[in-house]
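S.K.: generate coordinates for the sequence data below:
(chains A and B)
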Amino acid sequence: MNNVIVLPLLIPLVTAVILIFCSKYVRAQRWISAFSVIANLLVALFIVNQVDHQGIQTLHMGGWLPPYGIVFVADMLAALLVLTTLIVATGCLFYAFRSIGEEREKHYFYPFFQFLLAGVLGSFLTGDLFNLFVCFEVMLISSYALIVLGGTKRQLRETLKYMLINIISSTLFVAAVAYLYGTVGTLNMAHLSLRVAEIQQSGIISVIGLLFLIVFALKAGLFLFFWLPGSYSAPPAAVTALFGALLTKVGLYAIIRTFTLIFYHDTGGIHAVIGWMAAATMILGSLGAVAYKDLGRILNYNIIISVGFIAFGVAVANVDSLNGAVFYLMHDMISKALLFILGGIIIATAGANKLSEMGGLMKRHPLVGWMFFIVALALVGIPPLSGFLGKVFIVRGGLSEGHYWLTGLALASSLAVLYSLIKVFMGAFWGESPAHTESQTVIIPRTAYVAAIGLTVMVFVLGIGSEWVYSYTSQAGAVLSDPSLYIQAVLKE
Amino acid sequence: MELYMSLAIGIIFAVGIYQILSKSLLRIILGTSLLTHGVHLLLLTMSRLKTGAAPLLGEEASSYVDPVPQALILTSIVISFGVTSFFFVLAYKAYQRLGTDNMEELRGKYDE
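M.R.: Below is the predicted model of the structure:
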């Protein structure tokens, strides 16, 4: 029992309620949200430290012992993802201060931001499958509001599609929960793992597992990503940065959790399906990233490639690849947020979305150019930066299990990432500025620089201090590859 | 009884999916709301239909109904109520701004 692990969920909820009441006072809203996110960041650091020293932390809501009540579980994976989420949220919040516009700030941008955080953090921390659904919904409903906030024609149109997709996947989620509950009679994840192990992974369990895979793949953009490029290009850059860094990763987290803890017996069946989906995602994402010539689309397809890459690590499912998947997940959340923030800065300064209408930004904003170059290298996986170690582990895990084709494909997708981002870099920063932008000078706000520089520093920390970070991610990987650790921690009392 | 419920759920799902596949926005929203109703019935049926008394200790019955699915359904109803009402408002706003409720015309162009 540890009451601290509900705080990451509670702080944004309370903050959001407070923020609703001071929607007219923009400065106050900014201060309160910044203070709340940073306080939450400190709590997350504390939880990571606690999990490191005392093992998996649990909280039984209302004193109901599992498997009867809802339980919150902070193992190393959840704790690290909570920490990374809050780092990303701090970055996006600082970037949003000057870029989101006063109209949106007055119309409840900050409360929705906090509700979204509550949903995301709740999804990471909960140990109950139905509670996961509820946290997903909290996150999704705030994301509907954030994506449509501003009400341009394009936003309205894309939100309709985004909502429809998510309502259908939520419906399937409840249906899958119903089947699972009807079959094994419990919803606590640790208890589910035990019950599924008892009856062995029979046909019906495999079918239910596939249904869950479809649900989570829709949310994560794993193969079923047709909705993603359109929806993510509608809202302003700060919101897209938040979505790109967090929402798809929550889907990935759910895939990692369910298929390492509950449906891990039938590695030949479901995990092979995940592997095929990962391969298709990487190929199609690479095609998109290489083919398009406008910045927003290229960055959106880069999200898809990395989702495929992490799913490949999950499909292999040995200690090395799970270690790598956790490490890469952290790296990818931070660097995707940075990439989208820089993308937003580029679009704002160049005044255009198409690469052919940009150019010469290196002369005017050298710092932005260098940061973009660094994050591009980090996403490709160049050694001193954060993407390297995760890729090494996933590739090593893939080779040791004999997935040569998939490993080759994963490495080839890095080339597509390199090509697409260097194309953006050359298009936006090299050459001469187009005639129509010569006269106008756009000043990049200081808070945007703070956000981007802070996240760049984190990219370096994860890369140079990877030995130190690895001592934490290896604990997450250990729990993922041995479900009995998780089960014992939850059901011991 | 379970058989009839299964048939009913199947029909509700079929109608819901048929509505979602139509072009009109209003029909699509009604389709999603039918789908969620179908899922709630599914949840109720999956945990076996009435097998005992209400789950209160005062009943002193030999067997009780499982209360968990009902709690789940209640939660899910609340969520789907909120989401559906938001969807309706969004659809109305989109109809006002875009001047159409035909999904074919809401496809959107690549360049804009």
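
S.K.: out of everything not next to it in sequence, what's closest to the closest residue to chain B within chain A?
M.R.: The nearest approach of chain A to chain B comes at A:Gly182, 3.2 Å away (CB to the nearest CB). The way it works is simple: take the backbone N, C-alpha and C, and place the C-beta from them, glycine included. Closest residue in space to A:Gly182, ignoring its immediate chain neighbours: B:Met46 at 3.2 Å, by CB to CB, 6 or more residues apart in numbering or on different chains.

S.K.: now chain B, which segments are flagged as low pLDDT?
M.R.: Where chain B drops to pLDDT under 70, the residues are B:109-112.

S.K.: residues in it within reach of chain A, list them.
M.R.: Within chain B, the positions adjacent to chain A are B:20, B:25, B:28, B:32, B:35-36, B:39-40, B:42-43, B:46-48, B:68-69, B:72, B:75-76, B:79, B:82-83, B:86-87, B:90-91, B:93-94, B:97-98, B:106, B:108, B:112 by CB under 8 Å from any CB of the partner chain.

S.K.: which of those residues count as buried?
M.R.: Among those, those that count as buried by neighbour count (16 or more other CB atoms under 10 Å in any protein chain shown) are B:20, B:25, B:28, B:32, B:35-36, B:39-40, B:42-43, B:46-47, B:68-69, B:72, B:75-76, B:79, B:83, B:86-87, B:90-91, B:94, B:98, B:106.

S.K.: so which of the residues you listed belong to helices?
M.R.: Counting by DSSP state H, these place B:20, B:25, B:28, B:32, B:35-36, B:39-40, B:42-43, B:46, B:68-69, B:72, B:75-76, B:79, B:83, B:86-87, B:90-91, B:94, B:98 in helices.

S.K.: for the residue of chain A closest to chain B, give me its contacts.
M.R.: B:46-48 (CB atoms under 8 Å, 6 or more residues apart in numbering or on different chains).

S.K.: same question for A:Ala272.
M.R.: By CB under 8 Å, 6+ apart, the contact set of A:Ala272 is A:Ala315.

S.K.: work out for me the element it sits within.
M.R.: Using DSSP states H and E, A:Ala272 sits in helix A:270-291.

S.K.: with just CA atoms, put that helix into CSV.
M.R.: Extracted in CSV, the C-alpha atoms of helix A:270-291 (Å, rounded to 0.1, in the frame of the first residue of the first chain):
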residue,chain,number,x,y,z
ILE,A,270,-0.5,-13.6,-31.5
HIS,A,271,3.1,-12.4,-31.3
ALA,A,272,3.6,-13.5,-34.9
VAL,A,273,0.6,-11.3,-35.8
ILE,A,274,2.1,-8.4,-33.9
GLY,A,275,5.4,-9.0,-35.8
TRP,A,276,3.6,-8.9,-39.2
MET,A,277,1.7,-5.8,-38.2
ALA,A,278,4.9,-4.1,-37.1
ALA,A,279,6.6,-5.0,-40.4
ALA,A,280,3.7,-3.6,-42.4
THR,A,281,3.6,-0.4,-40.2
MET,A,282,7.3,0.2,-40.8
ILE,A,283,7.1,-0.3,-44.6
LEU,A,284,3.9,1.8,-45.0
GLY,A,285,5.2,4.5,-42.6
SER,A,286,8.5,4.7,-44.4
LEU,A,287,6.7,5.0,-47.8
GLY,A,288,4.7,7.9,-46.4
ALA,A,289,7.6,9.7,-44.8
VAL,A,290,9.6,9.5,-48.0
ALA,A,291,6.8,10.3,-50.4
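
S.K.: state the pLDDT value of A:Gln201.
M.R.: A:Gln201 carries a pLDDT value of 65.

S.K.: the helix or strand following the helix holding A:Ala272 vs helix A:270-291, what angle?
M.R.: Downstream of helix A:270-291, the next assigned helix or strand under DSSP H and E is helix A:295-316. Angle, helix A:295-316 to helix A:270-291, by axes from the mean of the first three to the mean of the last three CA atoms, to 10 degrees: 160 degrees.

S.K.: could you say what helices and strands helix A:295-316 packs with?
M.R.: The helices and strands touching helix A:295-316, judged by 3 or more CB pairs under 8 Å, 6 or more residues apart in numbering or on different chains; DSSP states H and E, are helix A:228-232, helix A:248-261, helix A:270-291, helix A:319-350, helix A:387-400, helix A:404-429.

S.K.: helix or strand next in line after the shortest one, which one?
M.R.: From helix A:228-232 onward toward the C-terminus, using DSSP H and E, the following helix or strand is helix A:237-242.

S.K.: tell me if I'm right that A:Leu342 and A:Phe372 touch.
M.R.: Yes - using CB atoms under 8 Å, A:Leu342 is in contact with A:Phe372, at 4.9 Å.

S.K.: neighbour count: those two, which is higher?
M.R.: It is A:Leu342, of A:Leu342 and A:Phe372, that has more neighbours when counted by other CB atoms under 10 Å in any protein chain shown, with 30 against 26.

S.K.: can you name the residues that contact the more buried one?
M.R.: Taking CB under 8 Å, 6+ apart as the test, what A:Leu342 contacts is A:368, A:371-372, A:375, A:452.

S.K.: which residues touch residue 21?
M.R.: This is for chain A. Per CB under 8 Å, 6+ apart, neighbours of A:Phe21: none.

S.K.: think we crossed wires, I meant chain B
M.R.: Listed by CB under 8 Å, 6+ apart, the contact set of B:Leu21 reads B:Gly31.

S.K.: ramachandran angles for it?
M.R.: phi -80, psi -10 (degrees, to the nearest 10).

S.K.: rewinding a little: most tightly surrounded among the helices and strands packed on helix A:295-316?
M.R.: Compared across the helices and strands packed on helix A:295-316, helix A:319-350 shows the largest average neighbour count, a mean of 26 (mean count of other CB atoms under 10 Å in any protein chain shown).

S.K.: just checking, next helix/strand downstream of that one?
M.R.: Sequence order places helix A:361-364 as the next helix or strand after helix A:319-350, per DSSP H and E.

S.K.: in that following helix, which residues are buried?
M.R.: Of the residues in helix A:361-364, those buried (16+ other CB under 10 Å) are A:361-362, A:364.
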